[in-house]
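Chemist: Fold the following.
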Amino acid sequence: MPRSAVFSQRSLILTLLLLLGCGFLATSLISYFASRSAIRDSIINTELPLTSDTVYSEIQKDLVRPILISSMMAHDTFLRDWVLGGERDTAQISRYLNEVMGQYRAYTAFFVSSASNNYYQAQKGVLKQVNPQEPRDTWYYRVRDMTAPYEINVDLDMANQDKLTVFINYRVFDYNGNFIGVTGIGLTVEAVVHLIDDYQKRYQRQVFFVDPKGDVVLTGSNGGADAIRVGQSLHELGGLQDVLKQMPGSVTGSHEYRGTDGHSHFLNVRLVPELNWYLFVDKREGAALDKIRQSLYLNLAICAMIGLVVLSLLNAMVKRHQDNIETLATRDSLTGLPNRRGFDLLAAQALLEAQREPKPLVALLIDLDHFKVLNDTHGHLAGDEVLRQFAQVLENCLRLSDIICRWGGEEFIVLLKDTDGAQAREVAEKIRLRTEQLKFTFADRPITLTTSIGLSCLQPEDTLHSLIARADHALYRAKQSGRNRVCVEMLRSDYA
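Modeler: Numbers count the residues shown, from 1 in each chain. Sure thing, here's the model as predicted:
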């Protein structure tokens, strides 16, 4: 074989291999960036807000509970009567404070009287007398003169070897609204830090609290060299300076920034009004994308070894991935029914089959009556649950061949294949009666519901738009006629 032919063959093979390699590389990179974008979007719009909501719920239980206990103490008739009675028996107030500690598992409990300036503590009785000249007593005079009912203060606890403690200082008034002292309880900072450590371990996020000035006031104890520390200002944390500029205004929400570690970070911020602190939930981008990066490197290694085989496998994977994405894009996430996009695909095929055979086809446009009132009365979560349960009612009332779609809000649309008008009306009445008789439930609360249905039958000149438009007109008549009924379309001949 001539050397030129051998050279041409080798060049062709090399060219094909290069093209295949470039194609595989391009496909891998496109897949990587698409997945990266999807993951980033999921983190920003779903994962972090959900984690923030969950951590906030935990805070409601673990951190805000002492505020409620302190409020109860400040409004306790025994405490006020004891003070107004002259503070005669110190043992009584000590027993009271000990009971609070034992009942609610507080670290410390206290009361400071404005009349005697005595600082009463659970185990030690009269711990001291507060003095405006004493620097360690400035907290009391600050609380006495403030307008808010309470404050949260991190300070040393003299009654417990100066252990750093989170105090909830609550103002106490007599029955005429006169200030008579300050009461409250305390949690050790170590206990709060352990709670944050638990949050971080459980949710694999960095969790910390920032005051309105932009200073980190609480965070976990376990973290690397780049972990955020108590006392740091957002000024010191690189990209968080932009977040600091928005405080204390529109900072709540999702943010993205580049940290001092050189990585991009996703951040969700929300105000905890009971503490007057901001909850920051932070996730480093690298940790979230490590798996898809490893997948990219593996794909490239396989490409170098087996070329065409890898390309074929990748094409199959990409196709399956695209099919999954398309399936998700055509489904309503709340009810699991097809959404409008999915309905358009299914309805177009059903219309084509009905016109080609020809066979009857009926559209039912269904609207849940007074759904806004339901949302206003029971809340949007109850509304979502009712929509899910109503979707199950529709599926139970219909055949597998029928097409069901969530049309939007509280509206649903159904296409009944190979069904005439009389049969369709029976189906519609079945749906209406089942809905009226069923007790929908949310949080063990029964919810009653009715539905209005508009019905239209396919005519020879119909398009999908005209078929649905007539069902919509029928639905309008059903609602105007008092709701909880089925109305059938009125054709032009019906008006003559």
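Chemist: which stretches of the stretch 351-496 of the chain form strands?
Modeler: For the stretch 351-496 of the chain, strands defined by DSSP state E, counting those that start in this stretch occupy the ranges 361-368, 403-408, 411-417, 440-442, 445-447, 451-457, 486-488.
Chemist: Compare these and give me the one nearest D384.
Modeler: strand 440-442 (8.9 Å; CB to CB). Where C-beta positions appear, they are placed from N, C-alpha and C, glycine not excepted.
Chemist: what are the pairing partners of the closest one, and which direction each?
Modeler: strand 445-447 (antiparallel) (DSSP bridges).
Chemist: residue boundaries of the helices in the stretch 1-150 of the chain?
Modeler: Ranges of helices in the stretch 1-150 of the chain, per DSSP state H, counting those that start in this stretch, are 3-42, 48-62, 65-74, 77-84, 90-104, 138-145.
Chemist: mind giving me TSV with these and columns for distance to Y278, mean pLDDT and mean neighbour count?
Modeler: Output for these, formatted as TSV (distance: least, CB to CB, whole Å; pLDDT from 0 to 100; neighbours: other CB atoms under 10 Å):
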stretch	distance to Y278	mean pLDDT	mean neighbour count
helix 3-42	23	66	13
helix 48-62	11	73	17
helix 65-74	17	88	20
helix 77-84	33	93	15
helix 90-104	27	89	16
helix 138-145	22	92	16
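Chemist: Redo those as CSV? Include distance to L368.
Modeler: Output for the helices of the stretch 1-150 of the chain, formatted as CSV (distance: least, CB to CB, whole Å):
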stretch, distance to L368
helix 3-42, 30
helix 48-62, 27
helix 65-74, 38
helix 77-84, 49
helix 90-104, 45
helix 138-145, 52
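Chemist: Which of those helices sits closest to Q423?
Modeler: Nearest of the helices of the stretch 1-150 of the chain (CB to CB): helix 3-42, 44.0 Å.
Chemist: Of all the strands of the stretch 351-496 of the chain, which one comes closest to Y56?
Modeler: That would be strand 440-442 among these, by CB to CB, at 21.9 Å.
Chemist: what about that closest one, average pLDDT?
Modeler: Mean pLDDT, strand 440-442: 88.
Chemist: what domains does the record give for this structure?
Modeler: Following automatic domain parsing, the chain resolves into domains at 66-190, 340-495.
Chemist: Take the ones you listed and write them to CSV, including distance to L240.
Modeler: Shown next, in CSV, are those (distance: least, CB to CB, whole Å):
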stretch, distance to L240
domain 66-190, 21
domain 340-495, 33
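Chemist: Mind checking these for the one nearest to V272?
Modeler: When those are compared (using CB to CB), the closest one is domain 66-190, at 10.2 Å.
Chemist: chain center to the closest one, what's the gap?
Modeler: 37 Å (CA atoms, centre = their mean, to the nearest Å).
Chemist: helices and strands of the chain: which one has the lowest mean pLDDT?
Modeler: Within the chain, judged by mean pLDDT, DSSP states H and E, the helix or strand with the poorest mean is helix 492-495; its value is a mean of 40.
Chemist: Of all the domains of the chain, which one is nearest P212?
Modeler: Once the domains of the chain are compared by CB to CB, domain 66-190 is nearest, at 12.4 Å.
Chemist: Just the endpoints, please. Distance across that closest one?
Modeler: 15 Å (CA to CA, to the nearest Å).
Chemist: and if you look at stretch 119-139?
Modeler: 12 Å.
Chemist: Mind listing what's buried along it?
Modeler: Y119, Y120, Q121, A122, L127, K128, V130, D137, W139 (16 or more other CB atoms under 10 Å).
Chemist: Would you format those residues as TSV with distance to Q459 included?
Modeler: TSV is the format used below for the buried residues of stretch 119-139 (distance: CB to CB, whole Å):
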residue	distance to Q459
Y119	87
Y120	86
Q121	86
A122	83
L127	89
K128	91
V130	88
D137	87
W139	81
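Chemist: which residues touch I180?
Modeler: For I180, the contacting residues are R80, V83, L84, S113, S114, A115, V172, F173, D174, by CB atoms under 8 Å, 6 or more residues apart in numbering.
Chemist: Relative to L237, which of the residues you listed is nearest.
Modeler: V172 (39.3 Å).
Chemist: Ok, which of the domains of the chain comes nearest L271?
Modeler: For these, the distance to L271 is smallest for domain 66-190, at 13.9 Å, taking CB to CB.
Chemist: And A350, what's its pLDDT?
Modeler: Looking at A350, its pLDDT reads 91.
Chemist: what residues are up against the residue nearest to A159 when sequence neighbours are not counted?
Modeler: Spatial nearest neighbour of A159, excluding adjacent residues (CB to CB, 6 or more residues apart in numbering): Q121 at 4.6 Å. Contacts for Q121 (CB under 8 Å, 6+ apart) come out as S94, L97, T108, A109, F110, L127, A159.
Chemist: that older thread, of all the helices of the stretch 1-150 of the chain, which one is nearest G253?
Modeler: Closest of these to G253 is helix 48-62, at 8.8 Å (criterion: CB to CB).
Chemist: Just want the angle from the closest one to helix 65-74.
Modeler: On the basis of axes from the mean of the first three to the mean of the last three CA atoms, to 10 degrees, helix 48-62 is oriented at 40 degrees to helix 65-74.
Chemist: Pull the residues that contact helix 48-62.
Modeler: With CB under 8 Å, 6+ apart, helix 48-62 has contacts from 195, 199, 203, 205, 207, 254, 266-270, 272, 274-275, 279, 281, 283.
Chemist: same check, this time on stretch 280-287
Modeler: Stretch 280-287 has contacts (CB under 8 Å, 6+ apart) with 40, 43, 47-48, 51-52, 55, 203-210, 228, 259, 261, 263-269.
Chemist: let's go with 6 Å and repeat that
Modeler: 48, 51-52, 205-208, 210, 263-269 (CB atoms under 6 Å, 6 or more residues apart in numbering).
Chemist: List the buried residues of that stretch.
Modeler: F280, V281, D282, K283, R284, E285.
Chemist: Among the contacts of helix 48-62, which ones are in strands?
Modeler: Using DSSP state E, the subset of the contacts of helix 48-62 located in strands is V207, S254, F266, L267, N268, V269, R270, V272, L279, V281, K283.
Chemist: how near is the residue nearest to the fourth one when sequence neighbours are not counted to S57?
Modeler: The shortest distance from L267 to any residue that is not its chain neighbour, by CB to CB, 6+ apart, is 4.4 Å, and that residue is H255. Using CB to CB, to the nearest Å, one obtains 22 Å as the distance from H255 to S57.
Chemist: I am finished for the moment; much appreciated.
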